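[1] Okay, structure incoming, though there's no sequence with it:
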């Protein structure tokens, strides 16, 4: 009987070996696809630009989270806004952490969303960043600014007020946490599909320095606890409805929408808050707000994604 030499390859043996190798490779590919897709799906794309002029580009600047988990979840908040903006056809949101690694990301953008810490910790008060934002404002870009990001040092107050229509300063401004019932005021595209709502335990800033010209429009107002009126000016206005959200149209062109809530991440459960915020961002970018308001579908698991985990008890 003819024997197969150890040095001569057998087509049958090679076929079996190839089949086994292919099977192992194919199984590995399946795992890579499954877990690779899972990782991709759970990750948040950053600074993913698009230069198609037919798309409305909106840049979201998410500051570093601060405070306890569930509060000041700036990145998780902006990731949610990113997803809701994608639900409006023709809109291309771009998310960056604090500031883009390449400022060319702002090219062609119609609006900038800012959700960061404020005051002396405000990350956008750096001289170079202020200069860039000033240039963009002069070109008519829109702004949507939330929560503590409306709080700027006094030396930046005039520029902020001119761009946003309002700025929080410690001389008259007040802030705190409480349940707040918010009423809509007048008619405005940003209020389409938005009903009065109550946000429990959120953080608010009020009694700001507001623009006095016709470009300023209050959108949401509500009652605040009298004990929260900690400045001399605020104490003069017991019982007054305080402005919590507004729009501003600059004389030279450009729009702004501001809302001083968004301290507690869990309050994104409120559809009216979601719609108010997304409507406002779209409006600031010059996008026509749908008659019934923007689509802001919240899927299972969305609220938990990107949120910091609370430390275990005793740690």
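    Everything's here; your move. Owing to the predicted nature of the structure, the values given are computational and were not obtained by experimental measurement.
[2] Near residue 125, how many residues? Count them for me, please.
    Neighbours of residue 125 under the rule other CB atoms under 10 Å: 17. From N, CA and C alone the C-beta is placed, and that goes for glycine too.
[3] same thing with residue 182?
    27.
[4] Quick check: it touching residue 200?
    No: in this structure, residue 182 is not within contact of residue 200 by CB atoms under 8 Å, at 11.7 Å.
[5] need the strands for the stretch 101-250 of the chain, in chain order.
    Counting by DSSP state E, counting those that start in this stretch, one finds strands in the stretch 101-250 of the chain at the ranges 109-115, 142-146, 166-167, 174-184, 197-206, 209-210, 216-222, 242-249.
[6] So which of those is the most surrounded?
    By mean neighbour count, with neighbours taken as mean count of other CB atoms under 10 Å, strand 142-146 ranks first of the strands of the stretch 101-250 of the chain at a mean of 27.
[7] Give the other helices and strands that that one contacts.
    With contacts taken as 3 or more CB pairs under 8 Å, 6 or more residues apart in numbering; DSSP states H and E, strand 142-146 sits against strand 109-115, helix 157-164, strand 255-259, helix 271-284.
[8] how far out from the middle of the chain is the second one?
    Think helix 157-164. Chain-centre distance of helix 157-164: 20 Å, with CA atoms, centre = their mean, to the nearest Å.
[9] how about it: buried residues?
    Of the residues in helix 157-164, 157, 160, 161, 162, 163, 164 count as buried by neighbour count, 16 or more other CB atoms under 10 Å.
[10] now stretch 222-229
    Within stretch 222-229, the residues scored as buried using 16+ other CB under 10 Å are 222, 224, 228, 229.
[11] Give me the subset of these lying in helices.
    Secondary structure defined by DSSP state H assigns none of the buried residues of stretch 222-229 to helices.
[12] Identify, from those, the entry nearest to residue 278.
    Sorting the buried residues of stretch 222-229 by how near they are to residue 278, with CB to CB, puts residue 222 at the top with 20.3 Å.
[13] pLDDT score for that closest one?
    Among the per-residue scores, residue 222 holds a pLDDT of 98.
[14] quick revisit: can you lay out the helices and strands packed on strand 142-146 as a markdown table showing mean pLDDT and distance to residue 86?
    Below are these laid out as a markdown table (pLDDT from 0 to 100; distance: least, CB to CB, whole Å):
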| stretch | mean pLDDT | distance to residue 86 |
| --- | --- | --- |
| strand 109-115 | 98 | 14 |
| helix 157-164 | 97 | 25 |
| strand 255-259 | 98 | 19 |
| helix 271-284 | 98 | 10 |
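[15] Select, out of the ones you listed, the one closest to residue 210.
    Nearest of the helices and strands packed on strand 142-146 to residue 210, taken as CB to CB: helix 157-164 at 7.8 Å.
[16] Which neighbouring elements make contact with the closest one?
    helix 127-138, strand 142-146, strand 166-167, strand 209-210, strand 255-259.
[17] of those, which approaches residue 290 most closely?
    For these, proximity to residue 290 was assessed by CB to CB; strand 255-259 is nearest, at 16.0 Å.
[18] just the helices in the stretch 1-150 of the chain please.
    Listed in chain order, the helices of the stretch 1-150 of the chain (DSSP state H, counting those that start in this stretch) span 11-42, 74-85, 127-138.
[19] coming back round to it: make a markdown table out of the helices and strands packed on helix 157-164 and add distance to residue 284.
    Below are those laid out as a markdown table (distance: least, CB to CB, whole Å):
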| stretch | distance to residue 284 |
| --- | --- |
| helix 127-138 | 12 |
| strand 142-146 | 4 |
| strand 166-167 | 14 |
| strand 209-210 | 17 |
| strand 255-259 | 5 |
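[20] Export the strands of the stretch 101-250 of the chain as JSON lines, with columns for distance to residue 285.
    Formatted as JSON lines, the strands of the stretch 101-250 of the chain follow (distance: least, CB to CB, whole Å):
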{"stretch": "strand 109-115", "distance to residue 285": "4"}
{"stretch": "strand 142-146", "distance to residue 285": "5"}
{"stretch": "strand 166-167", "distance to residue 285": "19"}
{"stretch": "strand 174-184", "distance to residue 285": "21"}
{"stretch": "strand 197-206", "distance to residue 285": "24"}
{"stretch": "strand 209-210", "distance to residue 285": "22"}
{"stretch": "strand 216-222", "distance to residue 285": "17"}
{"stretch": "strand 242-249", "distance to residue 285": "12"}
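[21] Any stretches of this protein with poor pLDDT?
    For the chain, the stretches flagged by pLDDT under 70 are 1-42, 312-315.
[22] how far away is the residue nearest the centre of it from residue 99?
    By CA atoms, centre = their mean, the mean C-alpha position of the chain lies nearest to residue 78, the distance being 2.9 Å. Going from residue 78 to residue 99 by CB to CB, to the nearest Å gives 13 Å.
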